[in-house]
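# turn this into a model:
(one chain, ligands or ions: 1)
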Amino acid sequence: MYFNIHTHSFSNNDEIIELVNQYPNDIDVSLPYFTVGIHPWYINEDTFLDELALIEKYLQLPNCKALGECGLDKRIETSLEVQKKVAIAQLLLAEKYKKPVILHCVAAYQEVIEIKNKLQLTVPLIIHGFSKNEQVANSLIKNEFYLSFGKYLLRNPELGNVLKKVPLNNIFLETDTINETIVDVYEKAQSILQVDVSKIIEQNFNRVFNL
Ligand SMILES: [Zn+2]
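Purely as a prediction, here's the structure:
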C-alpha cells in the first residue's frame, strides 16, 4: 500500500491511500479521504468567514482526514497580516476537531513555528512540499513538525542529503500536482534512505491519521 499525503487529483487506485486536497467551495465529499482548507493563494477576505463555516462542517466528516492546505506564503501579494488571520482561524478549527494540518509554507518558516507555539497547537502539523536546507528542517523538527517530500525530492539532488537527516518518524511523501506517481516518489526516497520506506511511511500515516 502506498500513502500519498497530499495530491490534487484522485487516482482511484486500490493500492494508494491518498489525501485529496479540496477547497471549501469546490468539494466532493464522496472521496475516500480528503483534506479541506483555504490556500493562501486563494484568500478572499469577503468570503473567508463563509468558507470557514464550510470547513468546520466538512472537518466533522470521518473521511476528512486533515485541514489544509493552508499556511503562509511571502511571495504573494496578500499581506502577511491577512494570511496569518486566515491561517490561525483554520488552525484553531483543526485543534478543535483534532485533525492534522497540511501546511503550505513559502519563506515563512519562522512565522509558522511562532504561530504553533503561541497557539500551543497539539495536532500534527505537516509541512508539505518541503524543499529547504538542513537548518530549516532541523528547526521544524525541533518544534515537532512533520515534513512531506515529493516534487523537489525528484528534482533537486541536494534535497536527498536533507532527507537523510530527518528522523524517520517525521517523514511523509506526496505528489501534490506533479505528473510522476507516488510510486516514483517512494522509489526515490527508497534509493536515498536505504531503509524500508514503505513500512516507515505506513507507520507514520497510521500514527498521525488513525487510519
Ligand atoms: Zn498542493
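# shouldn't residue 42 be in contact with residue 25?
No. Applying Cβ atoms under 8 Å as the test, residue 42 and residue 25 come out as separate, 9.3 Å apart. Every C-beta, even on glycine, is put in place using the N, C-alpha and C of the backbone.
# which one's more surrounded, the two?
Each of residue 42 and residue 25 has its neighbours counted (other Cβ atoms under 10 Å); residue 42 has more, 15 against 12.
# who does the longest strand along the chain pair up with?
In terms of residue count, the longest strand belonging to the chain (DSSP state E) is strand 64-73. Strand 64-73 has its sheet partners listed here by DSSP bridges as strand 34-36 (parallel), strand 101-106 (parallel).
# flag the shaky bits of the chain, pLDDT-wise.
Within the chain, the segments meeting pLDDT under 70 span 211.
# any idea which residue sits dead centre in it?
In the chain, the C-alpha nearest the mean C-alpha coordinate belongs to residue 102, at 2.6 Å (Cα atoms, centre = their mean).
# now do the residue of the chain most remote from its centre against residue 27, distance only.
Ranked by distance from the centre of the chain (Cα atoms, centre = their mean), the top residue is residue 46, with 25.5 Å. Computed as Cβ to Cβ, to the nearest Å, the residue 46 to residue 27 distance reads 19 Å.
# against residue 208, how distant is the residue nearest to the centre of the chain?
Between residue 102 and residue 208 the computed distance is 11 Å (Cβ to Cβ).
# common neighbours of these two, please.
residue 126 (Cβ atoms under 8 Å, 6 or more residues apart in numbering).
# can I get stretch 141-152 in PDB? Just the C-alpha atoms.
Backbone C-alpha positions of stretch 141-152 (Å, rounded to 0.1, in the frame of the first residue of the first chain) are rendered in PDB as follows:
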ATOM      1  CA  ILE A 141      11.800  19.000  13.600                       C
ATOM      2  CA  LYS A 142      12.800  20.500  16.900                       C
ATOM      3  CA  ASN A 143       9.300  22.100  17.000                       C
ATOM      4  CA  GLU A 144       7.700  18.700  16.200                       C
ATOM      5  CA  PHE A 145       6.600  19.400  12.700                       C
ATOM      6  CA  TYR A 146       6.400  16.600  10.100                       C
ATOM      7  CA  LEU A 147       8.000  17.100   6.600                       C
ATOM      8  CA  SER A 148       6.500  15.900   3.400                       C
ATOM      9  CA  PHE A 149       8.700  15.300   0.400                       C
ATOM     10  CA  GLY A 150       7.700  15.000  -3.300                       C
ATOM     11  CA  LYS A 151       8.400  17.200  -6.200                       C
ATOM     12  CA  TYR A 152      11.700  18.700  -5.000                       C
END
